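Student: No letters, just coordinates:
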């Protein structure tokens, strides 16, 4: 059972790590868009923004409903990253207990 479960948990750990990077890229992209650093009329930037939005928004939307409104500051990516870090620690402990 460990032969299948440990690589599966390690793969899940990497997927969570990659998703954290996607969330961070979305935050940076939103900052750059808000400050007018990047041109949103550029086809590549628009496509990249749309992909990141579609990947992160279904997870961030419920968190935004739970968190109080802080005006222009969106703390939902921070909350999501903290939850993902907790999940990674849980998976790491689970994998190490199986070894």
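Tutor: Thanks, I have the structure now. From a predicted model like this one, the values you see are computed outputs, not experimental measurements. Numbers count the residues shown, from 1 in each chain.
Student: in stretch 90-99, what's buried?
Tutor: Going by neighbour count (16 or more other C-beta atoms under 10 Å), the buried part of stretch 90-99 is 91, 95. Placement of C-beta: from N, CA and C, glycine included.
Student: roughly how far is that stretch from the heart of the chain?
Tutor: Taking C-alpha atoms, centre = their mean, to the nearest Å, one finds the center of stretch 90-99 at 22 Å from the center of the full chain.
Student: what's it in contact with?
Tutor: With contacts defined as C-beta atoms under 8 Å, 6 or more residues apart in numbering, stretch 90-99 is touched by 2, 5, 6, 9, 10, 12, 13, 16.
Student: and if we set it to 6 Å?
Tutor: If you take C-beta atoms under 6 Å, 6 or more residues apart in numbering as the criterion, stretch 90-99 is touched by 2, 6, 9, 12, 13.
Student: Now restrict these to buried residues only.
Tutor: Among the contacts of stretch 90-99, those classed as buried by 16+ other C-beta under 10 Å are 9, 13.
Student: Among the contacts of stretch 90-99, name the ones in strands.
Tutor: Among the contacts of stretch 90-99, no member falls in strands (DSSP state E).
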